[in-house]
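S.K.: Build me a model:
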Amino acid sequence: MKKFTAGKYIQQGSYKSFLPAPVNKDWSFDDVSLLNLLSKADRELGRLDMFSNYVDIELYIRTHIAKEATQSNKIEGTQTNMEEVFMPEGEFTGEKRDDWLEVQNYIQAINEAVHQLHRLPFSSRLIKQTHKILLKGVRGKYKQPGEYRRSQNWIGGATLNDAIFVPPRHKEINNLMSDLEKFANNIENPLPDLLKMGIIHYQFETIHPFLDGNGRVGRLLITLYLVSRGLLQRPILYISDFFEKHRELYYDNLMRVRTHNDINQWLKFFLTGIIETAQKGIKTFDGILQLQRELDSLLTSFRSREGNARKMVHYLFLQPVLIPTIASKEIGLSGASVYKLLQDFENIGLIKEITGGRRDRIYVFKKYLDLFE
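M.R.: Prediction:
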């Protein structure tokens, strides 16, 4: 888009803030390489969405969300890994517990936001509700959860004067977010949804409407928008893994829009992320189907215990890090039956015990979690 202008810098005493231009307007793109990427991204997203019809998505979606939560929070500096997501809070103390809580909040925020899409449009109200859950009881709990900021923030640097980027003044936020909401819901705008989502993400991160959690909310909005527009039946595409892997390029391409008015380069990066993430999701679901076939063959060898073994496997897909006493209550089997099944599962390499102790053991459904690495 040759005539695109991202906005302007405004002097604010000793520093300059950036005021982005409105996005609810007519857009036109004539970059053939961008349009080719758009076509491929649409195809790959369609292939990924097909799995919603052929596999029990609800059985596996929890692990997909856990993967997104760990990667999105990792960009912000937390260190919780996939296995730890499924462990109880009591396993963690200090900063490790803070990291764990932030990831759990992210998971809750995604689940609640997807649920709210049934009765709320993609809107400021939905965004604020999601942000409130994200910051509940964690390190950002005093930074106006669920409210747009009422003071100036900045990105990088120790102060406003040496910041890498200073978002618009807080007095501009309501108008800018109103414009963004209108753009997201403007069905008369013929712009393809994936390009629109790329612009929405860029604009949201540029507005930076909250005092904390902007990055996590902005990345979460990508999946919410795809579901709200019907490009995905269920939230099974999470791009944070791509952004985390290419973190410097992610920030550089966002910044380049503001400094060089280069929206095309950002959209190419964004669409490349959609393509790679969709392809990775397809590969993961193919791996899950193959694992299911292997398990179907293995479980027949349990003979009289096959029914209980299938109950345990179903539970493992929901809770791939398993504590025997909890599993016993959840699936209605005696402790002895659970431990015997777990021992047999460990012997055939299906799960792995990770504590090394005789008591308070924890088992990981490693074959399953490895599919998400």
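
S.K.: CA only for contacts and neighbour counts going forward, please
M.R.: Fine.

S.K.: Now do the helices in the stretch 101-250 of the chain.
M.R.: Using DSSP state H, counting those that start in this stretch, the helices assigned to the stretch 101-250 of the chain run over residues 124-135, 173-185, 193-207, 214-228, 240-245, 247-260.

S.K.: Now tabulate those in CSV and tack on mean neighbour count, distance to Gly287 and mean pLDDT.
M.R.: What follows is those, written out as CSV (neighbours: other Cα atoms under 10 Å; distance: least, Cα to Cα, whole Å; pLDDT from 0 to 100):
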stretch, mean neighbour count, distance to Gly287, mean pLDDT
helix 124-135, 21, 31, 95
helix 173-185, 18, 35, 97
helix 193-207, 21, 27, 98
helix 214-228, 21, 22, 93
helix 240-245, 19, 18, 92
helix 247-260, 16, 27, 96
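
S.K.: my guess is Thr206 meets Ile173, correct?
M.R.: No. Using Cα atoms under 8 Å, Thr206 is not in contact with Ile173, being 10.7 Å away.

S.K.: residues near the residue nearest to Lys366 when sequence neighbours are not counted, how many?
M.R.: Spatially, and ignoring its direct neighbours in sequence, Lys366 is nearest to Ile351 (5.5 Å; Cα to Cα, 6 or more residues apart in numbering). The local packing of Ile351 (other Cα atoms under 10 Å) involves 22 other residues.

S.K.: tell me the contacts of Ile351?
M.R.: With contact taken as Cα atoms under 8 Å, 6 or more residues apart in numbering, Ile351 is in contact with 342, 345, 363-367.

S.K.: Now for Ile288, how many residues are close by?
M.R.: Neighbourhood size, Ile288 [other Cα under 10 Å]: 20.

S.K.: For it, grab phi and psi.
M.R.: As for Ile288, its main-chain torsions (degrees, to the nearest 10) stand at phi -60, psi -40.

S.K.: what's stretch 290-298 in contact with?
M.R.: Contacts of stretch 290-298 with the rest of the structure, by Cα under 8 Å, 6+ apart, involve Tyr368.

S.K.: Buried residues in it, which are they?
M.R.: If you call a residue buried by 16 or more other Cα atoms under 10 Å, then stretch 290-298 has no buried ones at all.

S.K.: got it, and stretch 15-33?
M.R.: Taking 16+ other Cα under 10 Å as the neighbour-count basis, stretch 15-33 is seen to contain the buried residues 16-20, 22-24.

S.K.: Among those, name the ones in helices.
M.R.: Members of these lying in helices (criterion: DSSP state H): none.

S.K.: Roughly how far does Ala336 sit from Pro324?
M.R.: For Ala336, the distance to Pro324 under the criterion Cα to Cα, to the nearest Å works out to 10 Å.

S.K.: tell me which helix or strand of this protein sits lowest on mean pLDDT?
M.R.: Evaluated with mean pLDDT, DSSP states H and E, the helix-and-strand set of the chain has its lowest mean pLDDT in helix 51-54, which scores a mean of 80.

S.K.: about what we covered before: ok, which of the helices of the stretch 101-250 of the chain comes nearest Leu37?
M.R.: Nearest to Leu37 among the helices of the stretch 101-250 of the chain is helix 193-207 (10.4 Å), distances taken as Cα to Cα.

S.K.: Could the C-alpha coordinates of that closest one be exported in CSV?
M.R.: Once non-C-alpha atoms are left out, helix 193-207 reads as follows in CSV (Å, rounded to 0.1, in the frame of the first residue of the first chain):
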residue,chain,number,x,y,z
ASP,A,193,-10.2,-10.9,7.1
LEU,A,194,-6.5,-12.0,7.5
LEU,A,195,-5.2,-8.6,6.3
LYS,A,196,-7.7,-6.9,8.5
MET,A,197,-6.5,-9.0,11.5
GLY,A,198,-2.9,-8.1,10.8
ILE,A,199,-3.8,-4.4,10.8
ILE,A,200,-5.9,-4.8,14.0
HIS,A,201,-2.9,-6.4,15.8
TYR,A,202,-0.5,-3.7,14.6
GLN,A,203,-2.9,-0.9,15.6
PHE,A,204,-3.7,-2.4,19.0
GLU,A,205,0.0,-2.8,19.9
THR,A,206,0.6,0.8,18.7
ILE,A,207,-2.2,2.2,20.8
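
S.K.: Kindly calculate the angle that it makes with helix 173-185.
M.R.: Comparing the axes of helix 193-207 and helix 173-185 via axes from the mean of the first three to the mean of the last three Cα atoms, to 10 degrees yields an angle of 170 degrees.
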